[in-house]
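Novice: Predicted model follows, preceded by the sequence.
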Amino acid sequence: MSSELRANAVTLHGNPFTLRGKEIKVGDKAPDFKAVKQDLSQFGFYSDTNGKIRVISAVPSIDTGVCALQTKRFNQEAENLSDDVEIVTISVDLPFAQGRFCGAEGIKNIQVVSDHKDLDFGEKYGFAIDELRLLARGIVLVDKDNIVKYVEYVSEVSEHPDYDKVLEELKKLL
């Protein structure tokens with residue numbers, strides 16, 4: 001695990017927090033990471049999404065309004081995207097809570113996985129909020145060759161990411 005800390009990297013309701021892990025940048029090779037699927041099996045970023053363009057939508061908790069809307073928005077967008085695109089929402093919510101949310105909200109066009117066990121994504125992509133053990137809100141767009149093409153760390157965690165910008169960048173890859 002990385003011990004790199006980025007103090008005051010994000011705020012939540014104006015309060016500054018530290019992000020742990022290496023900040024990912026456009027042009028970087030996207031690190032492989034492991035997470036937990038809703039059926040408690042292992043999700044591997046490379047093994048489960050290989051050969052596709054990937055949108056990683058990081059949210060603190062699907063049990064909050066902005067996170068729920070972000071997840072529903074990407075689920076809706078996925079209906080109109082090519083089969084060459086995989087959208088993965090990741091949070092530290094337990095897989096059971098994610099499954100309940102996805103069932104209640106009809107989320108079936110995207111993968112929703114949990115980083116609760118190891119914070120593997122949070123550490124490798126620099127989204128782990130050190131003080132809260134939650135993920136910061138953001139988006140990472142990864143091409144078929146595992147190269148990062150777009151990154152957004154939302155500076156105020158309670159605000160939405162720039163959906164239009166990530167979709168614009170995604171369409172450039174199709």
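Specialist: Everything's here; your move. Just so it is clear, the structure is predicted and the values come from calculations on it, not from any experiment.
Novice: buried sites along stretch 108-121?
Specialist: Buried residues in stretch 108-121, counting neighbours by 16 or more other Cβ atoms under 10 Å, are found at Ile110, Gln111, Val112, Val113, Ser114, Asp115, His116, Leu119, Asp120, Phe121. Placement of C-beta: from N, CA and C, glycine included.
Novice: Could you export those as a markdown table, including distance to Ala58 and secondary structure?
Specialist: Formatted as a markdown table, the entries for those read as follows, by distance: Cβ to Cβ, whole Å; DSSP: H, G, I helix; E, B strand; the rest coil:
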| residue | distance to Ala58 | secondary structure |
| --- | --- | --- |
| Ile110 | 13 | coil |
| Gln111 | 13 | strand |
| Val112 | 12 | strand |
| Val113 | 11 | strand |
| Ser114 | 12 | strand |
| Asp115 | 8 | coil |
| His116 | 13 | coil |
| Leu119 | 12 | coil |
| Asp120 | 12 | helix |
| Phe121 | 7 | helix |
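Novice: Gly27: which of those is nearest?
Specialist: Here the nearest of these to Gly27, counting by Cβ to Cβ, is Phe121; it sits at 19.1 Å.
Novice: hang on, the earlier thing: just flag the most distant two among the buried residues of stretch 108-121.
Specialist: Pairwise distances across the buried residues of stretch 108-121 (Cβ to Cβ) peak at 20.9 Å, for the pair Ile110 and Leu119.
Novice: Might you list the low-confidence residue ranges for the protein?
Specialist: Filtered on pLDDT under 70, the chain yields the residue ranges 1-3.
Novice: try 50
Specialist: Within the chain, the ranges that satisfy pLDDT under 50 run 1-2.
Novice: Phi first, then psi, for the spatially most central residue of it.
Specialist: Closest to where the C-alpha atoms of the chain average out (Cα atoms, centre = their mean) is Ala58, at 2.5 Å. Ala58 has phi and psi values of phi -90, psi 130 when expressed as degrees, to the nearest 10.
Novice: Hmm, it is touching Phe121, no?
Specialist: Yes: look at Ala58 against Phe121 with Cβ atoms under 8 Å: they come within range, at 7.3 Å.
Novice: any common contacting residues for these two?
Specialist: Contact criterion Cβ atoms under 8 Å, 6 or more residues apart in numbering; residues bridging Ala58 and Phe121 by contacting each: Ile90, Phe127, Leu135.
Novice: Would you map the strands across the protein?
Specialist: Defined through DSSP state E, the strands belonging to the chain, from first to last, are 5-12, 15-20, 34-36, 42-44, 53-58, 85-91, 111-114, 128-129, 134-135, 138-142, 148-153.
Novice: Dump these into JSON lines; add distance to Val166 as well.
Specialist: Formatted as JSON lines, the entries for these read as follows, by distance: least, Cβ to Cβ, whole Å:
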{"stretch": "strand 5-12", "distance to Val166": "18"}
{"stretch": "strand 15-20", "distance to Val166": "19"}
{"stretch": "strand 34-36", "distance to Val166": "20"}
{"stretch": "strand 42-44", "distance to Val166": "21"}
{"stretch": "strand 53-58", "distance to Val166": "7"}
{"stretch": "strand 85-91", "distance to Val166": "10"}
{"stretch": "strand 111-114", "distance to Val166": "17"}
{"stretch": "strand 128-129", "distance to Val166": "21"}
{"stretch": "strand 134-135", "distance to Val166": "17"}
{"stretch": "strand 138-142", "distance to Val166": "5"}
{"stretch": "strand 148-153", "distance to Val166": "6"}
